[in-house]
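> Please work out how this folds:
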Amino acid sequence: KDQIPGTSPGFGTAASADGEHYPYLFPAAASYWSQAGGAVEFARQRLGGDLKGKKIAYLFFDNPAGREGLPVIRKLAEMEGFELQEFPVPSPGIEMDNQARDIARRFRADFVITHLFGRAPSVSMQALRRAGYPLEQVVSFVWGQSEADIEAGGGYAENVGYNGIQFAGVGDEFEVRREIEAMYKEEGRDLPSTFDSTVFYNRGLLTAALHVQAVRNAVEAKGGSADITGTDVRDGFRAIKEFKLGELVPPLNLAGGDHEGGGWVRVFTVTKDGFEPATDWFKGYRDVVFEMIEEEAAKQN
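Okay, here's the model as predicted:
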């Protein structure tokens, strides 16, 4: 009603990726549904390219956001023929030894997909290690792998092999970060401490840059006039194509009705020295996921 565009990168209802039904909302990064598709695709790659007969555990925070990925994972279990078992974690998510033991010793999962928040990701790493489950066979949604999560989970050396999905690049080797460093130096200021948390800081760069680009597109479309409306800025978002922010993000394309930008994800793995990419940017079961998005958006509207 207000005709003011907004973004929800990496969270919120997946249905909002359907630009026809949600014209002013732009997830602008992989939603939980796209993360679910990416996680299953990563598991398929790690398990030899065929999931038929495999056992996959879904360890998730038992709230609406934690349950958001379930429809896609359940759908893909039917399609690919793997056995899915769901392991909810009640709030506040600071105890999951029982779930970890069930996953490792009773269910004997071939792979674990986690979707946890707050301190729960670090608790899951510790619990799975105690249960003897290999972290190489674990992949988290985007809120489960940051510098803070790894440190709280015992440090990098203790969590080598742990995998996490990201929708923006991780680490310091990006030109836009060099430009920011130079700006602070030129102004005689110290870099903020948050700069060291590359997972979260880089996501902030993505969000800010998308808004700036949308406004820039709107102004250019008005012949340089700053007298722009929310609808102009919405159209500015929809004009964003092949947006990479100096390779910090995948080639986002917000035109053509897909306000998610393609649903791209990339998996990073923990090493003793930090994070390293385990994959290039990819889309997991994109046709299946977007068909589900369109169906859900139509129901919600």
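> which residues of the stretch 101-250 of the chain fall in helices?
Listed in chain order, the helices of the stretch 101-250 of the chain (DSSP state H, counting those that start in this stretch) span 120-130, 147-152, 175-186, 198-221, 230-238.
> Please read off the pLDDT at Q300 from the model.
Reading off the confidence values, Q300 has pLDDT 87.
> distance of N217 from P251?
17 Å (Cβ to Cβ, to the nearest Å). (C-beta placed from N, C-alpha, C; glycine too.)
> Among these two, which residue is more densely surrounded?
Looking at N217 and P251 with other Cβ atoms under 10 Å, you find the greater number of neighbours at N217, namely 19 against 13.
> Next, the contact list for the more buried one, please.
Contact analysis of N217 by Cβ atoms under 8 Å, 6 or more residues apart in numbering lists 235-237, 239-240.
> just curious, which of these is nearest to P92?
F237 (35.8 Å; Cβ to Cβ).
> The closest one against P5, yeah?
Yes. F237 is within contact range of P5, at 5.8 Å (criterion: Cβ atoms under 8 Å).
> can you confirm R266 is in a helix?
No. The assignment for R266 (DSSP: H, G, I helix; E, B strand; the rest coil) gives strand, which keeps it out of a helix.
> if we can go back for a sec, of F237 and P5, who's got more company?
When F237 and P5 are compared on other Cβ under 10 Å, the one with more neighbours turns out to be F237, at 27 against 22.
> Would you mind pulling the contact partners of stretch 73-87?
Outside stretch 73-87, the residues that reach it (Cβ under 8 Å, 6+ apart) are 36-37, 39-40, 44, 51-60, 70, 96, 99, 102-103, 107, 109, 113, 285, 288, 292.
> what about 7 Å?
Contact with stretch 73-87 is made by 36, 40, 51-59, 99, 102-103, 107, 113, 285, 288, 292, as judged by Cβ atoms under 7 Å, 6 or more residues apart in numbering.
> which residues sit in contact with I103?
Contacts were defined as Cβ under 7 Å, 6+ apart; by that measure I103 touches 57, 59, 87, 109, 112, 131, 133.
> burial measure for the fourth one, as a count.
What it means is A109. With neighbours defined by other Cβ under 10 Å, the count for A109 comes to 23.
> Spit out the contact partners of it.
Residues near A109 by Cβ under 7 Å, 6+ apart: 55-57, 103.
> rerun at 8 Å
55-57, 85, 103, 133, 137.
> One more: the fifth one?
Contacts were defined as Cβ under 8 Å, 6+ apart; by that measure V112 touches 56-59, 103, 128, 133, 137-139.
> Sort out which of those residues are in strands and list them.
Within the contacts of V112, residues falling in strands by DSSP state E are 56-59, 138-139.
> residues contacting the nearest residue to G261 once chain neighbours are set aside?
The spatially closest residue to G261, leaving aside those adjacent along the chain, is L252, at 3.6 Å (Cβ to Cβ, 6 or more residues apart in numbering). By Cβ under 8 Å, 6+ apart, L252 lies in contact with 28-29, 210, 240, 242-244, 261-262, 264.
> How about L252: which residues does it bridge to?
According to DSSP bridges, the partner residues bridging L252 are F243.
> What pLDDT is listed against it?
95.
> distance of it from F11?
With distances defined as Cβ to Cβ, the gap from L252 to F11 amounts to 16 Å.
> now swap in V142 and tell me
In terms of Cβ to Cβ, V142 sits 8 Å off from F11.
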